[in-house]
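[1] Build me a model:
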Amino acid sequence: MTSSAHLDMDGSAARHVPVLLKPVIAALAPEEGQWVLDGTFGFGGYSEAILKCGANVLGVDRDPEAAERAAVLQERYDGKLKFVAGCFGELADIAEEAGCAPLDAVVLDIGVSSMQLDEAERGFSFMNDGPLDMRMSQSGPTAADVVNDYAEAELVRIFRELGEEKQGRRIAAAIVARRGSVPFSRTLDLANVIERTVGRKPQQKIHPATRVFQALRIFVNGELDELVDGLVAAERSLKPGGKLVVVTFHSLEDRIVKRFFQERSKTHAGGSRHLPEQDLAAPSFEMLVKGGVGPDDEELERNPRARSAKMRAGVRTDAAPHALDASGLGLPRMLAESRSGGLS
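    Coordinates of the predicted model:
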């Protein structure tokens, strides 16, 4: 949720407009009486826009702070918003238990919200010094635990596969060398070590620690596994004609969503002289938009963080859900191996 809306506790106007709000609502097309599951409730930006259209919302979020923000909207839209503290990977079960299944639509805004990034104490960003935390649920192992306790080879793999960091080996070696005398506990400390290790050219706009912080955040929160689970759960819980709308912010996420929709909307494969054409399982989705939809110039001017956002959307058919092939969705190898039992 790299740029979700923030709703002040006093009910004042939102300080942040959700990324790709217009195309998301256009794709969802929420109507009176429908149930839309907002699997990454965050600060309630998408949810409030859906509620304004007359639809009901089932909000889901693992961040404990989200429940406080949901309470504001629950009071404003009496009876039309339910909120459940949980992970969107379990949205099918959540919707069933909440009495909202089958769903008319699901929207997922993947990643970390702008307000989480801006809150130094959450430890997601090195723009302001804070504890090296990064936990969305505020429970379990922290990024500091990973940096200080994991073997050098494990850190290399995390940085390379989840952050696409080409300097992963040098950075991991520097971390291991430093932590032996002084463990890492602060965001700026780690960022400074990375910058000293790989250097930074004057014209370089992106901080050299960016990809490592992304990798740690994804790893600590199991974000890509959660994304796969959420897509599969949405396929199970949507009624025929139901919409699935997903907003991503980097290539790893977008590749998974793109391949999910491609695999589930194809009717034939092959057709070359090397691979005979073969029928596939009946498509469980039809594409709602062609390719990915990005921000327009007006949104980029208002919110530069939206520059990498991409929306993909599909409509559920009446076909049975497909079997999951996690490796075919483009999961990084370490995660694909873990899901198939290749790693303990």
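
[2] By average pLDDT, which secondary structure element in the chain comes out worst?
    helix 114-118 (a mean of 54; mean pLDDT, DSSP states H and E).

[3] And the very next helix or strand once past that one, what's buried?
    Counting by DSSP states H and E, the next helix or strand C-terminal to helix 114-118 is helix 143-149. By neighbour count on 16 or more other C-beta atoms under 10 Å, the buried set for helix 143-149 is 143-148. Backbone N, C-alpha and C define where each C-beta goes, glycine included.

[4] remind me which residues of the stretch 201-344 of the chain are low pLDDT?
    268-278, 341-344 (pLDDT under 70).

[5] quick one: the strands in it?
    Using DSSP state E, counting those that start in this stretch, the strands of the stretch 201-344 of the chain run over residues 238-248, 268-269, 278-279, 285-287, 310-316.

[6] and Arg69, which of these is closest to it?
    strand 238-248 (18.6 Å; C-beta to C-beta).

[7] The closest one - contacts with which helices or strands?
    Judged by 3 or more C-beta pairs under 8 Å, 6 or more residues apart in numbering; DSSP states H and E, strand 238-248 is in contact with helix 21-28, strand 103-109, helix 223-237, helix 251-265, strand 310-316.

[8] what are the pairing partners of that strand, and which direction each?
    Sheet partners assigned to strand 238-248 using DSSP bridges are listed as strand 103-109 (parallel), strand 310-316 (antiparallel).

[9] Can you check what angle separates the last one from helix 223-237?
    Orientation note: strand 310-316 sits at an angle of 30 degrees relative to helix 223-237 (axes from the mean of the first three to the mean of the last three C-alpha atoms, to 10 degrees).

[10] can you check the first one too?
    Angle between the axes of strand 103-109 and helix 223-237 is 170 degrees (criterion: the same axes, to 10 degrees).

[11] Can you name the residues in contact with strand 103-109?
    Around strand 103-109, the neighbours that count as contacts under C-beta atoms under 8 Å, 6 or more residues apart in numbering are 1-2, 4, 18-19, 24, 28-31, 34-40, 42, 46, 50, 55, 58, 88, 91, 95, 227, 230, 234, 237-239, 241-247.

[12] any idea which of the buried residues of helix 143-149 is closest to Leu162?
    Closest approach between the buried residues of helix 143-149 and Leu162, by C-beta to C-beta: Val146, at 11.0 Å.

[13] wait, isn't that closest one in contact with Phe219?
    Yes - judged on C-beta atoms under 8 Å, Val146 makes contact with Phe219 at a distance of 6.4 Å.

[14] which neighbours do the two share?
    Shared contacts of Val146 and Phe219 (C-beta under 8 Å, 6+ apart): Ile158.

[15] For Arg307, which residues are in contact?
    Arg307 neighbours (C-beta under 8 Å, 6+ apart): 295, 300.

[16] Export the helices and strands packed on strand 238-248 as CSV, with columns for mean neighbour count and distance to Val176.
    CSV is the format used below for the helices and strands packed on strand 238-248 (neighbours: other C-beta atoms under 10 Å; distance: least, C-beta to C-beta, whole Å):
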stretch, mean neighbour count, distance to Val176
helix 21-28, 19, 42
strand 103-109, 27, 35
helix 223-237, 23, 24
helix 251-265, 20, 25
strand 310-316, 23, 35
